[in-house]
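*Asks:* quick one: sequence and predicted model below, then my questions.
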Amino acid sequence: MSENKSAEMYQVWQQDKDHYIHPWTDFSTFKETGSIVVEDSDNVHITDGDGNRYLDGIGGLWCVNIGYAREEMAQAIAEQIMKVPYYSCFGHHTTVPAAKLAAKIAELAPGNLNHVFYGCGGSVANDTAVRIIHFYFNQLGKKSKKKIISRIDGYHGSTYMAMSITGVKFDHIGFDIDEQLVHHISCPNPYRRPESQSIEDFCDEKVQELENKILELGPDNVAAFFAEPIMGAGGVIVPPKGYHKRTLDVCRKYGVLYVSDEVVTAFGRLGHMFASKDEFDIVPDIITCAKGLTSGYLPLGATILSDDIYDVISKPQADGALFTHGFTYSGHPVSCAAGLKNIEIMERENLCGHVQEIGSYFEEQLKTLMDLPIVGDVRGKKFMVCVENVANKESKELIDPEAQVGNRIADHCQKRGLIVRPLAHMNILSPPLTLSKDNVDFLVSTLRESIVETMKDLKQDGYL
Ligand code: PLP
């Protein structure tokens, strides 16, 4: 924090540094610098404890879809707290928002995905999917069908199981994962395919790899395939055309369930309530979602199951046995009220239509950065985009990781009033869906200036 912070903000900064174990933190720098205290917010902007205002290019963490500080959201949350702040949904009780939101999600989800299990976020939604899938195959008497296949560079969360399904190798360093249950296949990243390979051949190879992995493990042992429609935290990777449809076909061929992790992509980020069907033309067996479901105003996640899965798991079991899965806060009424209000706002303001329009402009404008010598790739769709920086555009060779190019660019952006997310040599953008054309212009010009400044620094420090 700077010298001009108020005494109160200084105390907050110190308390945080001394006592709060932050998620996903580099303690070597955290212990020196502490955190930026986010103190205020409004639509697409946040303000820190020093009074600096930033355009939030990452929407909190891919989640503040309707924008910050919505009065009517605050009212809906307050009203629900005064009605029923909490009641358990175990067994045969429910609350009005939990029931209404489940019906609304079922209405919006594709195909026959009509049944909703609630948790508190994306990791738990994926853990729930695994437990239910195992239970489903047990109910069918297929007790060996347990293994999960996912992709290198896929991100699915950080509970034990969700992190095991995650395929970002960097995220596994120093921690343990379940390598018996989860198996990874390679990432369908077209930018990193061999130069001589056509995109069609690349897609064929990736689809074949899934089939080979199922055959290697044995179809009787493979329960499910997990995939994000666009891989987010692995570097915003859009797979080749037809990849999702064809991997779904492979899954169907071997009785493997397809789980579409829409924790980032659902609720407007790609201009649809759900991307699986509307963007990629697939109806998976299960969709997991969180983040944009409440736009981050309160924690909530959902695992959405097809009729077919529900029919099997809801059959009465042996005498005295229950469906023993659930959390104290499954279907929390206040979070569900926030979810209902969030969807109401999105529909009323046609935010998906706005993303279709402004998101296309955003994509187009970001592509102009390709003329910069270190910008190797600008990829993604609508409000889910990534800029990949390289040392050599031809060979795609990376800048020495020690240079921390993503961090350097993010720091320059921050000095200029813009938050972008650094991810190794990349920078990720996932702004609130309410972003205006003027906001896009500011974001892109600030990012350009920051990349140019970073190039100067890199040259000075001998990295370029
Ligand atoms: N799945 C995807 C695709 C994600 O991007 C994330 C978080 O970024 C998760 C799951 C985990 O969600 P959460 O952090 O809410 O547990």
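*Replies:* Thanks, I have it. Residues are numbered from 1 along each chain as shown.

*Asks:* for Asp127, list the residues it contacts.
*Replies:* If a contact means Cβ atoms under 8 Å, 6 or more residues apart in numbering, then Asp127 has Gly119, Gly157, Thr159, Met161, Ala162 as its contacts. Any C-beta I mention is one placed from the backbone N, CA and C, and that applies to glycine too.

*Asks:* got the phi/psi numbers for Tyr66?
*Replies:* Check again: residue 66 is Ile, not Tyr. As for Ile66, its main-chain torsions (degrees, to the nearest 10) stand at phi -90, psi 0.

*Asks:* which non-adjacent residue is nearest it?
*Replies:* With Cβ to Cβ, 6 or more residues apart in numbering as the criterion, Ile66 has its nearest non-adjacent residue at 4.4 Å, and that residue is Ser295.

*Asks:* about what we covered before: closest one of the contacts of Asp127 to the ligand?
*Replies:* Within these, distances to the ligand taken as Cβ to the nearest ligand atom reach their minimum at Gly157, with 3.4 Å.

*Asks:* residues near the closest one, how many?
*Replies:* One way to gauge burial is a neighbour count; for Gly157, by other Cβ atoms under 10 Å, it gives 24.

*Asks:* surely it meets Asp171?
*Replies:* No - because the distance of 10.1 Å does not satisfy Cβ atoms under 8 Å, Gly157 is recorded as not touching Asp171.

*Asks:* what sits in contact with each of these two?
*Replies:* Common neighbours of Gly157 and Asp171, using Cβ under 8 Å, 6+ apart, are Met163.

*Asks:* is the ligand within reach of stretch 267-281?
*Replies:* No - under the criterion of Cβ under 6 Å from any ligand atom, stretch 267-281 makes no contact with the ligand; the nearest approach is 10.5 Å.

*Asks:* oh, I was asking about stretch 215-233
*Replies:* Yes - counting by Cβ under 6 Å from any ligand atom, the ligand is contacted by stretch 215-233 at Glu228, Gly232, Ala233.

*Asks:* the second one contacts Gly59, doesn't it?
*Replies:* No - the pair Gly232 and Gly59 does not pass the contact test of Cβ under 8 Å, sitting 11.8 Å apart.

*Asks:* more neighbours: which of the two?
*Replies:* Under the neighbour definition other Cβ under 10 Å, Gly232 and Gly59 were set side by side, and Gly59 has more, 30 against 25.

*Asks:* tell me which residues touch the more buried one, please.
*Replies:* If you count contacts by Cβ under 8 Å, 6+ apart, then Gly59 has Asn65, Gly296, Phe383, Ser430, Pro431, Pro432, Leu433 around it.

*Asks:* spit out the contact partners of the residue in the chain that the ligand sits nearest to.
*Replies:* Nearest residue of the chain to the ligand, counting by Cβ to the nearest ligand atom: Gly122, 2.3 Å away. Residues near Gly122 by Cβ under 8 Å, 6+ apart: His156, Gly157, Ala162, Asp261, Val263, Thr288, Cys289, Ala290, Lys291, Gly301.

*Asks:* near the ligand too, which of these?
*Replies:* Among the contacts of Gly122, the ones lying near the ligand by Cβ under 6 Å from any ligand atom are His156, Gly157, Asp261, Val263, Ala290.

*Asks:* and the pLDDT at the fourth one?
*Replies:* According to the predicted model, the pLDDT of Val263 comes to 98.

*Asks:* cool, and the last one?
*Replies:* Ala290 is assigned a pLDDT of 98 by the prediction.

*Asks:* for Met1, same thing?
*Replies:* The predicted structure scores Met1 at 54 on the pLDDT scale.

*Asks:* one step back: can I get the residues of stretch 215-233 next to the ligand in TSV with pLDDT and secondary structure?
*Replies:* Listed next are the residues of stretch 215-233 next to the ligand as TSV, based on pLDDT from 0 to 100; DSSP: H, G, I helix; E, B strand; the rest coil:
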residue	pLDDT	secondary structure
Glu228	98	coil
Gly232	98	coil
Ala233	97	coil
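
*Asks:* how about a markdown table for the residues you listed, with distance to Glu79 added?
*Replies:* A markdown table is the format used below for the residues of stretch 215-233 next to the ligand (distance: Cβ to Cβ, whole Å):
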| residue | distance to Glu79 |
| --- | --- |
| Glu228 | 35 |
| Gly232 | 33 |
| Ala233 | 35 |
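
*Asks:* quick one: the strands in the stretch 1-150 of the chain?
*Replies:* The residue ranges that make up the strands of the stretch 1-150 of the chain, judged by DSSP state E, counting those that start in this stretch, are 38-42, 45-48, 53-56, 113-119, 147-151.

*Asks:* next helix or strand past the last one?
*Replies:* Pointing back at strand 147-151 there. Under the assignment DSSP states H and E, the closest C-terminal helix or strand after strand 147-151 is helix 160-165.

*Asks:* gap between that following helix and the chain center?
*Replies:* In terms of Cα atoms, centre = their mean, to the nearest Å, the centre of helix 160-165 is found 15 Å from the chain centre.

*Asks:* pull whichever helix or strand comes after that helix out as CSV, backbone CA atoms only.
*Replies:* Following helix 160-165 in sequence order, the next helix or strand is helix 169-172 (DSSP H and E). Extracted C-alpha coordinates of helix 169-172, given in CSV (Å, rounded to 0.1, in the frame of the first residue of the first chain):
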residue,chain,number,x,y,z
LYS,A,169,0.5,-29.5,-14.1
PHE,A,170,1.7,-26.3,-12.4
ASP,A,171,-1.2,-26.5,-10.1
HIS,A,172,-0.2,-29.9,-8.8
